[in-house]
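> predicted model, plus sequence, below.
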Amino acid sequence: MATELTFDPLRLPPECVALRREVRAFLAEEIEAGTFNPHQADNDQGYSEEFSRKVGARGWIGMTWPKPYGGRERSFLERYVVTEEFRVANAPVRLHFIADRQSGPVLLKYASERVKADVLPRICRGEVCFAIGMSEPNSGSDLFAASTRATKTDGGWLVNGTKVWTSNAHHAHYMIGLFRTSPATKENRRHGLTQFLVDMKTPGITVNPIYQMTGQHDFNEVVFQDAFMPDDHVLGEVDGAWKQATSELAYERSGPERFLETYYVLTELVRVLGEKPDIRGAEGLGRLVAQVHALRRMSVSVAGMLHAGKEPVVEAAIVKDLGTIWEQKLPHRARDLAAFAEAEAANRATFEEHLAFATQIAPKLTIQGGTTEILRGIIARGLGLR
């Protein structure tokens, strides 16, 4: 059955304008203090315990969550503003971002009260890093094919298998893991998957780095060998996590981080072309700005749907698919537009460094958050084409 796809022409309310000014002032102070360099794309400074604790103290982590768990009960649109400003500024949010974006909301819905009372306030304080354990070797983004198994034992479960492309697992305190607890059935291939809260200090868990062409790494392979998960770390329904996992992806795939990861190329292109670009440069730059504006409007619309309590899984997949394509094409388009700029143009060396880095990380943009092929399958089902 086809899903009605809707991107409402949503405008950010006045409270978001005031919050944006506050966030920009905070970031300007941190940049002035040397906390991070907003113009350094190829950095390893994305993980900063000090910065995340400062953000938590401002109330900008878990800001949509209930106050009893450390949240501020603010809107998804206000959270959108914080995410957008941090992404454009290249702020070091790696410690808390996944926990804030999707792991916390999963715990709010499905964790035991003991787990929620323990973990959620620490996330809000900027103390806890999360990873997401979904993809596996030989199955990639096909979560139906997950084979890492959790077997029932006294007081809990023993997990054996491997997760891959696991962002931040080398820093993570916890993982939300999707494991097979029963075989799939002919009638329901989705059956048999269960979500767990994984303490990454658990004996039997090994994290191996996956290096990118840049020589850096944020992806990892995570190997489980009889790793024990207590019963109260089961999230939601045993064997029925497929719906939970897919609704989680609406949070993961729709934010501004899905089209702003190579945004630094655009800002450097503006500097290289100068205040008075030629007609070719001005036209090309205008197209790029129009495209990113359209992506932003779609992303804001999804944030509004989340605020309304909806689960815009298909709309989020569209944002991620189009956003990834834009991010990957941006460095090539920027190189073409800057081809006739003066060699001594401002920041030309920085521009070339950014182009090289953005080109090298382009493959990972497809992997994180779901591959293009998987996303287009979701979109096709939403349109009733498969």
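Yep, it's here.
> partners of the lengthiest strand in the chain in the sheet?
In the chain, with assignment by DSSP state E, the single longest strand is strand 219-230. Applying DSSP bridges to the sheet, strand 219-230 is found paired with strand 156-163 (antiparallel), strand 205-210 (antiparallel).
> now distance to Leu385 and mean neighbour count too, for these, in JSON lines please.
Where you see a C-beta, it was placed from the backbone N, CA and C, and this is true even at glycine. Compiled in JSON lines, the strands paired with strand 219-230 are given as follows (distance: least, Cβ to Cβ, whole Å; neighbours: other Cβ atoms under 10 Å):
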{"stretch": "strand 156-163", "distance to Leu385": "31", "mean neighbour count": "20"}
{"stretch": "strand 205-210", "distance to Leu385": "34", "mean neighbour count": "15"}
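> nearest to Arg53, out of those?
Among the strands paired with strand 219-230, the nearest to Arg53 by Cβ to Cβ is strand 205-210 (23.5 Å).
> and for the closest one, what are the contacting residues?
Outside strand 205-210, the residues that touch it by Cβ atoms under 8 Å, 6 or more residues apart in numbering are 164-166, 169-170, 198, 200, 217, 219-225, 227.
> quick one, helices of the stretch 51-200 of the chain?
76-88, 97-98, 104-110, 113-124 (DSSP state H, counting those that start in this stretch).
> rewinding a little: mind listing what's buried in the longest strand of the chain?
The neighbour-count check on strand 219-230 (16 or more other Cβ atoms under 10 Å) flags Phe219, Asn220, Glu221, Val222, Val223, Phe224, Ala227, Phe228, Met229 as buried.
> and the two most separated of those residues?
Among those, Phe219 and Phe228 lie farthest apart (Cβ to Cβ), at 25.5 Å.
> show me the longest helix that occurs in this protein.
helix 279-307 (DSSP state H).
> how about that helix: buried residues?
So, applying 16+ other Cβ under 10 Å, buried residues of helix 279-307: 281, 284-285, 288, 291-292, 295-296, 298-307.
> lowest mean pLDDT among the helices and strands of this protein, which one is it?
Least confident helix or strand, the chain: helix 242-253 with a mean of 68, by mean pLDDT, DSSP states H and E.
> show the subsequent helix or strand relative to that helix.
Using DSSP states H and E, the helix or strand that follows helix 242-253 in sequence is helix 263-273.
> for that next one, packing partners?
Judged by 3 or more Cβ pairs under 8 Å, 6 or more residues apart in numbering; DSSP states H and E, helix 263-273 is in contact with helix 279-307, helix 313-337, helix 348-367.
> that one to helix 348-367, inter-axis angle?
Put simply, helix 263-273 runs at 150 degrees to helix 348-367, going by axes from the mean of the first three to the mean of the last three Cα atoms, to 10 degrees.
> quick check: mean pLDDT of helix 263-273?
Helix 263-273 comes out with an average pLDDT of 90.
> on that earlier part again, just name the most buried of the helices of the stretch 51-200 of the chain.
Counting by mean count of other Cβ atoms under 10 Å, helix 97-98 has the highest mean neighbour count of the helices of the stretch 51-200 of the chain, with a mean of 25.
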